[in-house]
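Enquirer: Give me a model of this one.
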Amino acid sequence: MNDNFKFVLKATGLHLLTYVVCGIIFFFFFDYHSLFTMEGVKDFMREVGGTSTHIGPWVNVLRGILFGLALLLFKDSFIGQKFGWLKLWGILSIIGIINTPGPAPFSIEGVVYTKLPLKFHLLGAPEILIQTLMFSYL
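Expert: Numbers count the residues shown, from 1 in each chain. Purely as a prediction, here's the structure:
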């Protein structure tokens with residue numbers, strides 16, 4: 001099996017694993033039923049337990065493949081490097097979460113340009129930061 005294919009497969013698997021584990025833990029820890037019904041959030045997020053909740057993990061197979069393909073472009077800069085996982089996490093956190101080009105939740109643009117409550121941004125940030133930390137470390 002080609003090394004690049006194995007890398008993408010591993011990235012996909014790790015993304016799915018960390019996504020599901022963090023999703024389950026934070027679902028209960030932050031009471032997503034209450035969080036997603038907050039004023040300003042309920043019109044932005046789909047209902048917890050709806051169809052999107054059930055198809056989410058399957059859609060993340062595609063997301064994992066895309067992560068793997070994108071990471072192939074610079075894998076030599078973090079694979080086998082001292083603290084390479086921390087470098088990867090920094091890149092994912094800064095470009096993929098905090099400094100996205102659009103107003104996504106938990107991002108600078110999201111805090112500035114959306115009507116989502118600050119509480120929503122602050123409570124949701126740990127899940128995505130810990131998930132990407134786990135992904136990067138593994």
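Enquirer: Look up how far residue 130 lies from residue 44.
Expert: According to CB to CB, to the nearest Å, residue 44 stands 22 Å off from residue 130. (Each C-beta comes from the backbone N, C-alpha and C, glycine too.)
Enquirer: Residue 12 and residue 79, how far apart?
Expert: From residue 12 to residue 79 the distance is 16 Å (CB to CB).
Enquirer: And residue 72, by the same measure?
Expert: With CB to CB as the criterion, residue 72 and residue 79 are 10 Å apart.
Enquirer: Between the two, which contacts overlap?
Expert: Listed as contacting both residue 72 and residue 79 by CB atoms under 8 Å, 6 or more residues apart in numbering is no residue at all.
Enquirer: Have a look at the two and say which one is more surrounded.
Expert: residue 72 (15 against 12; other CB atoms under 10 Å).
Enquirer: which one is residue 86 nearest to, not counting chain neighbours?
Expert: When the adjacent residues along the chain are set aside, residue 86 lies closest to residue 136, with 7.2 Å between them (CB to CB, 6 or more residues apart in numbering).
Enquirer: Contact partners for that neighbour?
Expert: Contacts for residue 136 (CB under 8 Å, 6+ apart) come out as 85, 86, 88, 89, 92.
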